[in-house]
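[1] next input, structure requested:
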Amino acid sequence: MKSLVFIIVSSLSVGLFGQSIPEIISHVNENTLETMLKELTGEVSTVVNGNSVTILNRESNQNDLAKDFIVERLSNLNKITVTTDAYSTNGTNIIATQAGTSNPNNVVVMCAHYDSVANYCADDNATGTIAVLEVARILSAYCFDYTIQYVLFDEEEDGLVGSQHFVNTFDSAHNLIGAINLDMMGYDRDQANDAPIHVQDSGNSYALKDSAVSVLNTYNAEIELTPNVIDPGIEASDHFYFWFGGRTAIMISDASSFEDLTTHYHTADDRVSTLDLPYYYNMVRFLLAITASTAEVSATQDCSNLSNPTNKANQGVQIFPNPAGECVIITLPNKRSSEASVGFYNILGELIYQQELTEIKTQIDLARFYNGVYFVKVKNDKETITKKLIVD
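    Residues are numbered from 1 along each chain as shown. From the prediction side, this is the model:
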């Protein structure tokens, strides 16, 4: 386990957009959740980069298939830019950013670790990882005042390595107001039908806890879970370095203590068949509600400014316009790598065009492209950014 769920908030207000939250919650797809759980745990085969594969293991030194599975599914979503941060030989964090509209420098983080210690490991932590993917899928259809980052950490099981790196390198120009760390969310060993919320006296964590409790009480009919506040909360998860740095964070899990963990914890017996799936679906609804409330659903739902390359929340690589017609423009940060390239891949994962990027701004002719969906990968010596591009 080592990972539970944490959330960080700025306004910490609930109910401002109450009429929108039940609608958002209603989009949870239970069949999709169960299928993706089985795919990520190797219970069934899946397709990654156009190839049929089985994800047998997610240990940090052999989880490249899991990483590609996650990146591909996040890259399929609108309004989201995906970055991979290979911070060490074995460790790669995945960061998907949905830029905010009116206050893009305020950032809400939802996170989970995707590495494991054995085969399968459904509760720890396929449940958290797939919850992040489902929340991103649903929320990418909406606009929010604040930026949301969906972050998948590596090497949690090796000592919270990925989350420590993320916290230590978080862009100080942005205001981290909210984060949700998800881990072990589908067992409910004590059958209490509650959502344990772990909190400590750090930043505005108590206010964030109150916000999470209010969400559960306000939308009880849709979520069907009761709050269970644990104070002080367990530290053995990716929220720890947020707390350690005095930041606002809570952790949400199916366990209130180590004694409450799945009986299959850290073994290959941690299978999808052992989970309480109806409970898990309600936990995902809870996470949707608290993330949407924290990031503040845009009242106008006008996301037109997201395509503007001067958007302050997205001052890295820019790919626009999207959808594109005769050409597409790729801009790099001013402090770009000396070596950068772009590759265009079709939906089967086949590389169909590639070129070096020698200027900060590059225009690429799309006359050679058929209409359809492509994946654009911009690489430099530090990271790879993947973005879906529609050519029409």
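[2] going forward, measure contacts between C-alpha atoms and count neighbours the same way
    OK.
[3] and the helices in this protein?
    Secondary structure of the chain (DSSP state H): helices at 21-25, 30-40, 64-75, 127-139, 161-169, 205-218, 220-223, 240-244, 277-295.
[4] out of those helices, nearest to G178?
    helix 277-295 (6.9 Å; Cα to Cα).
[5] buried set for that closest one?
    Using 16 or more other Cα atoms under 10 Å as the test for burial, helix 277-295 gives 277, 279-295.
[6] figure out how far it is from the centre of its chain.
    On the basis of Cα atoms, centre = their mean, to the nearest Å, helix 277-295 sits 13 Å off its chain's mean C-alpha point.
[7] likewise stretch 126-145?
    For stretch 126-145, the distance to the chain centre is 7 Å (Cα atoms, centre = their mean).
[8] where does the stretch 251-392 of the chain have low pLDDT?
    Residue ranges of the stretch 251-392 of the chain with pLDDT under 70: 299-316, 334-338, 347, 381-382.
[9] run the last query once more with 80
    Along the stretch 251-392 of the chain, segments meeting pLDDT under 80 span 298-318, 320, 322, 333-339, 347-349, 373, 380-384, 387-388, 392.
[10] burial of E23, as a residue count?
    By other Cα atoms under 10 Å, the residues close to E23 number 12.
[11] same check, this time on G245
    Neighbour count for G245, taken as other Cα under 10 Å: 12.
[12] for H165, which non-adjacent residue is closest in space?
    Nearest non-adjacent residue to H165, counting by Cα to Cα, 6 or more residues apart in numbering: Y87, 7.5 Å away.
[13] again with V317
    L332 is the one closest to V317 (Cα to Cα, 6+ apart), at 4.7 Å.
[14] contacting residues around that neighbour?
    G316, V317, Q318, E359, I360, K361 (Cα atoms under 8 Å, 6 or more residues apart in numbering).
[15] distance check, the nearest residue to N193 once chain neighbours are set aside against T218.
    Leaving aside its chain neighbours, N193 sits nearest to L225 (5.7 Å; criterion: Cα to Cα, 6+ apart). Distance of L225 to T218, given as Cα to Cα, to the nearest Å: 11 Å.
[16] more crowded one of these two?
    Per other Cα under 10 Å, whichever of L225 and T218 has more neighbours is L225, with 21 against 14.
[17] would you turn the contacts of L332 into CSV with distance to S163 and neighbour count?
    Output for the contacts of L332, formatted as CSV (distance: Cα to Cα, whole Å; neighbours: other Cα atoms under 10 Å):
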residue, distance to S163, neighbour count
G316, 21, 17
V317, 23, 21
Q318, 26, 22
E359, 33, 14
I360, 30, 15
K361, 32, 14
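[18] tell me which two of those residues sit farthest apart.
    For the contacts of L332, the maximum inter-member distance is 14.1 Å, found between G316 and E359 (Cα to Cα).
[19] now the strands for the stretch 51-200 of the chain?
    Along the stretch 51-200 of the chain, counting by DSSP state E, counting those that start in this stretch, strands occupy 51-53, 80-86, 92-98, 103-113, 146-153, 175-182, 194-199.
[20] and of the helices of the chain, who's closest to T386?
    helix 64-75 (6.3 Å).
[21] in that closest one, which residues are buried?
    Across helix 64-75, burial judged by 16+ other Cα under 10 Å covers D64, L65, A66, K67, F69, I70, V71, E72, L74, S75.
[22] need those in a markdown table (columns: distance to T32 and pLDDT).
    What follows is the buried residues of helix 64-75, written out as a markdown table (distance: Cα to Cα, whole Å; pLDDT from 0 to 100):
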| residue | distance to T32 | pLDDT |
| --- | --- | --- |
| D64 | 22 | 95 |
| L65 | 19 | 96 |
| A66 | 17 | 97 |
| K67 | 19 | 97 |
| F69 | 14 | 97 |
| I70 | 14 | 97 |
| V71 | 17 | 96 |
| E72 | 16 | 95 |
| L74 | 14 | 96 |
| S75 | 17 | 92 |
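[23] take these and write them to a markdown table, including distance to F375.
    As requested, the buried residues of helix 64-75 are arranged in a markdown table below (distance: Cα to Cα, whole Å):
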| residue | distance to F375 |
| --- | --- |
| D64 | 18 |
| L65 | 17 |
| A66 | 18 |
| K67 | 16 |
| F69 | 14 |
| I70 | 14 |
| V71 | 11 |
| E72 | 9 |
| L74 | 11 |
| S75 | 8 |
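[24] how far out from the middle of the chain is stretch 44-60?
    19 Å.
[25] residues in contact with that stretch: which ones?
    When contacts are defined by Cα under 8 Å, 6+ apart, stretch 44-60 is touched by residues 38-42, 63-66, 68-69, 72, 90-91, 114-120, 154-155, 347-350.
[26] do the same with stretch 29-37
    Under Cα under 8 Å, 6+ apart, the answer for stretch 29-37 is A122, A126, T127, I130, A131, E134, V272, L277, Y281.
[27] tell me which of the residues you listed is nearest to Y370?
    The closest of those, once distances to Y370 are taken by Cα to Cα, is E134, at 30.0 Å.
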